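**Q** what would the 3D arrangement of this be:
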Amino acid sequence: MGESLSSRAILEKLVSFNTVSANSNLELIAWVESYLAGHGVTSTRVYDETGTKASLFANIGPEVEGGIILSGHTDVVPAEGQAWDTDPFEVVERNGRLYGRGTADMKGFDALALWAVPQALAANLKRPLQIALSYDEEVGCVGAPPMISAMAALPKAQAAIVGEPSMMKVVTGHKGMIGFDVHVRGYEVHSSVLDTGVSAVMYGAELIQWAHAENARMAREQANALVADFVPPYTTIHVGQISGGTAHNITAKDCHFDISFRVVPGETTSHWETELHNKVAEIEAKMKAIHPECGIDLSEVFNVPPLAPERDGVAENLARSLTGDNANHVVSYATEGGQFQEGGHSVVVCGPGDIAQAHQPNEFIEISQLEAGEAFLKRLIKQLEQD
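**A** The predicted model follows:
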């Protein structure tokens, strides 16, 4: 059997791999694969289209249904341009904290899941522990769906725990998200004859104003019980970047911007995609009436479903029994939890570390949070020893 490393030693190794989403994660995956093989565990890779990235999953224990998935992602956001006091890809301890890129989001949980493997193998499991590590979560959760599909080859688990940093609180719901790159194609004329041209900037602004109006409308509507705990308790639409035009006296030929939706449970990303396309068609018709070659092109960048709270769900009940947390927690950011739920699993988000540290310079996880994660997983393994 392979060496049983501490969760901290595993975290140090995982952080040492620069798995910023723009890079390959295969060195990390190869290390995890070797670690699991050293404990007699066979794992499966699921590659992306380029073959330069892969997710990995494995079954630890008996090949029976009713197991628990521990889900994490292997990619991290860039550290470049941030004011770090230490090397982001080396774990440094200071005052009870472990600093490094991904320590909180979410290699801390990945390390705990791998630490639990020899603990699970030494136990008399009646149901399996399943490990699922994805790629490209940080750029739109694009790596999880093919992994979840491939995991159909394993015995069906009864629940998935997505270990995003929640301070080991039980998060039962989150918003979904869908985002698009928008290219508005106008027609250039001198602005003194504005009526004969089509300003891509001004028609783009009309679409952005629609987003403003929708946000205001949704803010006025009474939140229903399903979404009342969210902040804010409604779907929001946002434009973060915009560029376009060539001069103050020329109608803009092009305008580029992004538009994204954070969608509450009970609504779907497909609904908002339809709403957006309908509004684009309405604006396009006015543009084409002036010049038929004008229009608006939409390119989908990401699409992640919400995680809907499950009343008395298997995952929620399990996580509450393991943590003792009976409060209601939902978040407005998205995770792969909605994708696991869409794949037929009962899901909660529960992991070590503080989401406030995610994506920040000098990101850290408290050592006490790793210890709390270990205690959580020890209790989970005890549960899996029961019929």
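
**Q** what's around Asn224, how many residues?
**A** Asn224: 12 surrounding residues under other C-beta atoms under 10 Å. C-beta: built from backbone N, CA, C; applies to glycine.

**Q** next: Ile355.
**A** Counted by other C-beta under 10 Å, the residues lying close to Ile355 total 18.

**Q** isn't it up against Val331?
**A** Yes - at 7.2 Å, Ile355 counts as touching Val331 under the criterion of C-beta atoms under 8 Å.

**Q** now for these two: what residues contact both?
**A** With C-beta atoms under 8 Å, 6 or more residues apart in numbering applied, the overlap between the contact sets of Ile355 and Val331 consists of Ser166.

**Q** please enumerate the strands of the stretch 251-387 of the chain.
**A** Here the stretch 251-387 of the chain has its strands, by DSSP state E, counting those that start in this stretch, at 254-263, 295-304, 330-331, 346-349, 364-366.

**Q** shaky segments in this protein?
**A** By pLDDT under 70, the weakly predicted segments of the chain are 1-2, 222, 387.

**Q** residue contacts, the most centrally placed residue in the chain?
**A** Central residue of the chain (C-alpha atoms, centre = their mean): Thr335, 3.3 Å from the mean position. Contacts for Thr335 (C-beta under 8 Å, 6+ apart) come out as 137, 141, 162, 164, 174, 307, 349.

**Q** and Val193, how many neighbours does it have?
**A** If you count neighbours by other C-beta under 10 Å, Val193 ends up with 9.

**Q** checking it next. Helix, strand or coil?
**A** helix (DSSP: H, G, I helix; E, B strand; the rest coil).

**Q** do you know how far it is from Met202?
**A** To Met202, Val193 is 15 Å away according to C-beta to C-beta, to the nearest Å.

**Q** related to what we said a few turns ago, pull the most distant pair out of the contacts of Thr335.
**A** Greatest spacing in the contacts of Thr335, by C-beta to C-beta: Glu137 and Leu307 (13.9 Å).

**Q** where along the stretch 51-200 of the chain do the strands fall?
**A** For the stretch 51-200 of the chain, the strands defined by DSSP E, counting those that start in this stretch occupy 54-60, 68-73, 92-94, 97-99, 129-134, 159-162, 173-174, 176-185.

**Q** now render those as CSV, adding distance to Gln383 and mean neighbour count.
**A** Below are the strands of the stretch 51-200 of the chain laid out as CSV (distance: least, C-beta to C-beta, whole Å; neighbours: other C-beta atoms under 10 Å):
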stretch, distance to Gln383, mean neighbour count
strand 54-60, 14, 24
strand 68-73, 8, 27
strand 92-94, 32, 14
strand 97-99, 28, 22
strand 129-134, 10, 25
strand 159-162, 10, 28
strand 173-174, 23, 28
strand 176-185, 30, 22
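
**Q** distance to His277 added to those, as TSV?
**A** Output for these, formatted as TSV (distance: least, C-beta to C-beta, whole Å):
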stretch	distance to His277
strand 54-60	31
strand 68-73	30
strand 92-94	49
strand 97-99	45
strand 129-134	29
strand 159-162	30
strand 173-174	25
strand 176-185	10
